[in-house]
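In: The sequence isn't on hand, but the structure is:
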């Protein structure tokens, strides 16, 4: 069982510590635990409830109303809000709650409902990416365990596998040729899987090699496939020096190809790279880049 300080709760939920104390005293809506030395803390279930309260309160529910609701009523109201909120904060907070309690059914409901309304691409951009950023924050403050991360990332990957598998394969497509891989030691695959989905949706040809691939293994692939673009994502911690070295090794090895680097390790960074390297440091830029490539879908 995880233990959260009131500061942790404020960081994750957005509810000020002072406000939370008032709600506790006036409505008894949360009952924090106490250590042997009388320091207040909250457990997993408390955090889930507080996240749900935050969702409802931000969508017009008064605290007095929420305090009068049962746990089941709160959960149902949150699911209903999460199906229609177009600012998407409700969905993100609700996904955090399902992760903390390993609620697979709730996770699928929230994602599936939004995918039906928005499509997978917009659901990923507006909900899953901000959710994964929230997961990163929780990891930094020690609020989640490896099991939580594995649980949620595998569910997201399942959605992407199914989406890619459901796409049509077009013979003789005029789309551009892409090679997607993660460098050796890079295990975080979700961003690359999403890029794979986005490229295939637009009719491009993709060879997907997945995670942790040694550099020398790419030589055989280039000999057979000869891609126009090499795309990789960088999520695990890496120094600017290592990042520059990696980018330039790819650029020098295959100067006729364009190397596209993206991922959280590129966000907000400026690195000096070869002329055939494109650094994509946010999702808006990546989407714009794909739009430049165009769509190459051949009608049935």
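Out: Sure thing, it's come through. Predicted model only: the values in this text are computed from it and were never measured. Numbering: from 1, shown residues only.
In: What helix or strand is residue 79 located in?
Out: Residue 79 is part of helix 71-82 when elements are defined by DSSP states H and E.
In: any idea how far residue 46 is from residue 21?
Out: 14 Å (CB to CB, to the nearest Å). For glycine as for every other residue, the C-beta is placed from the backbone atoms N, C-alpha and C.
In: The two: who's more crowded?
Out: When residue 46 and residue 21 are compared for neighbours, residue 46 comes out ahead with 18 against 14, by other CB atoms under 10 Å.
In: Could I get the full set of helices for the stretch 51-200 of the chain?
Out: 63-67, 71-82, 89-100, 104-118, 120-123, 129-140, 146-165, 190-201 (DSSP state H, counting those that start in this stretch).
In: so what does the helix holding residue 79 touch, helix or strand wise?
Out: Taking 3 or more CB pairs under 8 Å, 6 or more residues apart in numbering; DSSP states H and E as contact, the helices and strands that helix 71-82 lies on are helix 44-57, helix 89-100, helix 104-118.
In: rerun that using 10 Å as the cut-off
Out: Helix 71-82 is packed against helix 44-57, helix 63-67, helix 89-100, helix 104-118, with contacts defined by 3 or more CB pairs under 10 Å, 6 or more residues apart in numbering; DSSP states H and E.
In: tell me the angle it makes with helix 89-100.
Out: For helix 71-82 against helix 89-100, the angle by axes from the mean of the first three to the mean of the last three CA atoms, to 10 degrees is 130 degrees.
In: What average pLDDT does helix 71-82 get?
Out: The average pLDDT for helix 71-82 rounds to 87.
In: got the angle for it vs helix 44-57?
Out: Using the same axes, to 10 degrees: helix 71-82 against helix 44-57 is 50 degrees.
In: quick revisit: what's the most buried one of the helices and strands packed on helix 71-82?
Out: helix 89-100 (a mean of 25; mean count of other CB atoms under 10 Å).
In: Please compute how far that helix lies from its chain's middle.
Out: The chain centroid and the centroid of helix 89-100 are separated by 12 Å under CA atoms, centre = their mean, to the nearest Å.
In: which strands and helices sit next to that helix?
Out: When contacts are defined as 3+ CB pairs under 10 Å, 6+ apart, helix 89-100 packs onto helix 6-13, helix 44-57, helix 71-82, helix 104-118, helix 129-140, helix 146-165.
In: Just the terminal-to-terminal distance for stretch 27-39.
Out: End-to-end distance of stretch 27-39 (CA to CA, to the nearest Å): 21 Å.
In: Tell me which residues are up against that stretch.
Out: 1, 3-6, 9, 15, 20-21, 23-24, 40-43, 46-47, 49-50, 53, 63-64, 66-69, 74 (CB atoms under 10 Å, 6 or more residues apart in numbering).
In: and with 7 Å instead?
Out: Identification of contacts with stretch 27-39 by CB atoms under 7 Å, 6 or more residues apart in numbering yields 20, 23-24, 40-43, 46, 49-50, 53, 63-64, 66-67.
In: per-domain residue ranges of this protein.
Out: Domain assignment for the chain by automatic domain parsing gives 6-165, 177-293.
In: distance of the residue nearest to residue 204 when sequence neighbours are not counted from residue 9?
Out: What sits nearest to residue 204 in space, not counting adjacent residues and going by CB to CB, 6 or more residues apart in numbering, is residue 175, at 3.7 Å. Relative to residue 9, residue 175 is positioned 48 Å away (CB to CB).
In: which of those two has more neighbours?
Out: Ranked by neighbour count (other CB under 10 Å), residue 175 and residue 9 place residue 9 first, with 25 against 20.
In: Please read off the pLDDT at that one from the model.
Out: Note on residue 9: pLDDT of 87.
In: Equivalent analysis for residue 1, please.
Out: So residue 1 comes in at 64 (pLDDT).
In: what does residue 297 give?
Out: pLDDT, residue 297: 53.
In: ok so, going back, turn the helices and strands packed on helix 89-100 into TSV, columns for distance to residue 32.
Out: Below are the helices and strands packed on helix 89-100 laid out as TSV (distance: least, CB to CB, whole Å):
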stretch	distance to residue 32
helix 6-13	7
helix 44-57	7
helix 71-82	17
helix 104-118	24
helix 129-140	19
helix 146-165	22
